[in-house]
Each structure stands twice: as C-alpha cells, then as structure tokens.
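**Q** the following block contains a protein sequence and its predicted model.
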Amino acid sequence: MCSKLSYVKVGRTKREDKAQVRKRIRAHEGEAKIAQAVLFDAWISRPCASAVLWEKGVKAHLSAAADEDVIPVEQVKAEYFRGIAFDTAVRVARMQEDCSGVVFLAP
C-alpha cells in the first residue's frame, strides 16, 4: 500500500554519463522538497541507445491503468503518477522494456 501523497515520476535522461544521472536525481530531490516530500527510491536502467519509445510505453500503460481503474493510480501530470507503489511502477517499466525494442549499450 502507498500513500495518496506519494508519487512516481517516469522519465529519461538524454545522456548516459553518471554526472547527468546524479544531476537529475538531485533535481528530483529538489522538486520533492518543494512539495514537502522526500525522494525514497529511484530505478535506473542500463544505458540504452534510445529510451523514447520505452518511456512513452510506460506512461501510456500507467495512463491507461488510471483511466480504467485497473490499478489505483492517478495521473497528476504528464510524467507524474500518484497512488502507485514504486515496485509496481518498476514492473510496468520492465514489461514495457520488452515491447519497446530497446537496445542496451555494451558495458
């Protein structure tokens, strides 16, 4: 169960470098502080060639779930979903990974 105040943000970075990822996480922490919230968790995939279709698929899946009341989620902005458990959101991302044709970069 998760609080009605908690939310999940679905997004991607345009670069694979660690400094960019850290910068994005700090930005999310700053946004959370404004809302008097705390960033509890983050999930980051391996670097990939493009995550555009993958991100669109995740947001579409969560939006459809909100519209159909499949899972108790509310879309509050384009990338923000409230009321969904973090682990459930990660499962949706992993399911959409298979559908999007994502190509991961070599380590």
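**A** Sure thing, it's come through. Numbers count the residues shown, from 1 in each chain.
**Q** what about Gln75, how many residues nearby?
**A** Per other C-beta atoms under 10 Å, the neighbour tally for Gln75 reads 19. No exception for glycine: its C-beta is placed from N, CA and C like everyone else's.
**Q** give me the beta-bridge partners of it?
**A** Assessed by DSSP bridges, Gln75 has beta-bridge partners Phe81.
**Q** wait, isn't it in contact with Ser63?
**A** Yes - Gln75 lies in contact with Ser63 (C-beta atoms under 8 Å); the separation is 5.4 Å.
**Q** give me the pLDDT value at Lys4.
**A** pLDDT recorded at Lys4 is 64.
**Q** meant to ask about Arg15
**A** With respect to pLDDT, Arg15 scores 68.
**Q** and if you look at the one 3 residues further on?
**A** Per-residue confidence (pLDDT) for Lys18: 79.
**Q** quick check: phi and psi on it?
**A** phi -60, psi -30 (degrees, to the nearest 10).
**Q** so it versus Glu97, what's the distance?
**A** The spacing between Lys18 and Glu97, counted by C-beta to C-beta, to the nearest Å, is 21 Å.
**Q** how about Asp41?
**A** Taking C-beta to C-beta, one finds Asp41 at 18 Å from Glu97.
**Q** what do you get for Val52?
**A** Val52 sits at a distance of 13 Å from Glu97 (criterion: C-beta to C-beta).
**Q** the more surrounded of those two?
**A** A direct count of neighbours by other C-beta under 10 Å for Val52 and Glu97 places Glu97 higher, at 17 against 12.
**Q** got the contact list for whichever strand or helix holds Arg94?
**A** Arg94 belongs to helix 86-100 when assigned by DSSP states H and E. By C-beta atoms under 8 Å, 6 or more residues apart in numbering, the residues outside helix 86-100 that reach it are 2, 8, 10, 40-41, 43, 45, 51, 53-54, 56-58, 61-62, 71, 81.
**Q** tell me the angle of the helix or strand containing Leu53 relative to helix 86-100?
**A** Applying DSSP H and E as the criterion places Leu53 in helix 52-68. With axes from the mean of the first three to the mean of the last three C-alpha atoms, to 10 degrees defining the directions, helix 52-68 sits at 130 degrees from helix 86-100.
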